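**Student:** coords please:
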Amino acid sequence: MNESQGLAEVLLSPLGPMGLIGLLFVLDVYSNLSRRLGEVNRMPPYYRRFLIGSAFVFVAVLVQIIRTAAYISRNPEAAMLLSPSFSLLAFHLPLFIGVSIGVLTAWRYWSWLLTGE
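**Tutor:** Reported below is the predicted structural model:
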């Protein structure tokens, strides 16, 4: 790896966690809007599920930060953090669960926009 590739990795590595943090903000906006819609329509507080989904996405953010630091450090002791199995269990699975909870909860509140009911 040459000097410019290493510099690009260091400069671009925060973009991955920043995208996931943006997803946390989107889940928070949906939670607030759904809470207000639920109060008007007297729906059960399904919006609390967004908090559960946000917790899973937050775990994925923390793991992404740890994995990025391990990748940049090129430390041999951190090789386990870069393995595909650790990535699947600690990053991809919580991210999938969190986004799935968010999508299903948003569908519960906002499906009337698409179905016309």
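
**Student:** mind checking how far the residue nearest the centre of the chain is from residue 31?
**Tutor:** The residue lying closest to the centre of the chain (Cα atoms, centre = their mean) is residue 57, at 3.3 Å. Counting by Cβ to Cβ, to the nearest Å, the gap from residue 57 to residue 31 is 12 Å. In this view, the C-beta of every residue, glycine as well, is placed from N, C-alpha and C.

**Student:** cool, residue 89 as well?
**Tutor:** 27 Å.

**Student:** If you count surrounding residues, which of these two has more?
**Tutor:** Neighbour totals were compared for residue 89 and residue 31, and residue 31 leads with 21 against 12 (other Cβ atoms under 10 Å).

**Student:** Quick check: which element contains the more buried one?
**Tutor:** Assigned by DSSP states H and E, residue 31 belongs to helix 15-41.

**Student:** That helix: how far from the chain's middle?
**Tutor:** 11 Å (Cα atoms, centre = their mean, to the nearest Å).

**Student:** Mind giving me the packing neighbours of that helix?
**Tutor:** Packed against helix 15-41 by the contact rule (3 or more Cβ pairs under 8 Å, 6 or more residues apart in numbering; DSSP states H and E) you find helix 48-73, helix 93-110.

**Student:** avg pLDDT for the first one?
**Tutor:** With pLDDT averaged residue by residue, helix 48-73 scores 93.
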